[in-house]
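In: this one's sequence-less:
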Ligand SMILES: O=C(O)C(O)[C@@H](O)[C@H](O)[C@H](O)COP(=O)(O)O
């Protein structure tokens, strides 16, 4: 069943998002062993990542993965890795062996995607998603054939959001994740939020277990 969305003040999105992720990571760690956290890019998750660095989580037991990556080098301003590195990995001093990066600098995009499949755990514990105004999530864009993928866990795709070439987890991976937080902010996404929550045939609506968390503007409350 699709969880009811959580609506918070814009300034509280980072804090509430971080509380949610920290709680679910700790719940996953309470089962023993390590926990996996997969990160998205875009503008909305940054404040959540920064807040997370102050949360009480045994970070040395967390492995970091990526939901998607743009085909740019890891020090490029458009790199999702760079965002996570600055907001999360550096402040937490995460050792490199706990960071599983999508290699956006590779020329052979197909090979880079299939290499990443080998790194992914069978099931991700916690996933952070965003959503675009067109209803995309991860780098799964409306109308793209990647949405039909049933076998491959990671694909190289071309999308309308620049930079166009991207690597993305596929729906089977996202749909099998234990906990998914979808972050949305701004009035520009209001219409799409409504359609996704109504279960229309849009990429973001396919991840049915996602807990969407948004500010009032995205929820159409102001
Ligand atoms: O790397 C990316 O582009 C993404 O992971 C993408 O799916 C993003 O989460 C949404 O486009 C929302 O992005 P904003 O938060 O910037 O609106």
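Out: Yep, it's here. Since this is a predicted model, take the numbers as computed values, not measurements.
In: what's the neighbour count on residue 51?
Out: When neighbours are defined as other Cβ atoms under 10 Å, residue 51 has 19 of them. Every residue, glycine included, has its C-beta placed from N, CA and C.
In: equivalent analysis for the one 10 residues further on, please.
Out: Using other Cβ under 10 Å, residue 61 has 14 neighbouring residues.
In: quick one: name the residues of this protein near the ligand.
Out: Proximity of the chain to the ligand (Cβ under 6 Å from any ligand atom) is limited to residues 40-44, 67-68, 80, 130-132, 136-138, 161.
In: where does the prediction get shaky in this protein?
Out: Scanning the chain for pLDDT under 70 picks out no residues.
In: how about the helices in it?
Out: 13-30, 45-52, 80-84, 90-92, 109-119, 171-176, 190-197, 203-206 (DSSP state H).
In: follow-up on the earlier one: now, the residues of the chain next to the ligand that are in strands?
Out: Counted as lying in strands by DSSP state E, out of the residues of the chain next to the ligand, are 68, 130.
In: list buried residues within the residues of the chain next to the ligand.
Out: Buried subset of the residues of the chain next to the ligand (neighbour count, 16 or more other Cβ atoms under 10 Å): 40-42, 44, 67-68, 80, 130-132, 136-138.
In: pull the most distant pair out of these.
Out: In terms of Cβ to Cβ, these reach their longest pairwise distance at 80 and 131, which sit 15.2 Å apart.
In: first to last residue in stretch 133-150, what's the distance?
Out: From its first residue to its last, stretch 133-150 covers 25 Å (Cα to Cα, to the nearest Å).
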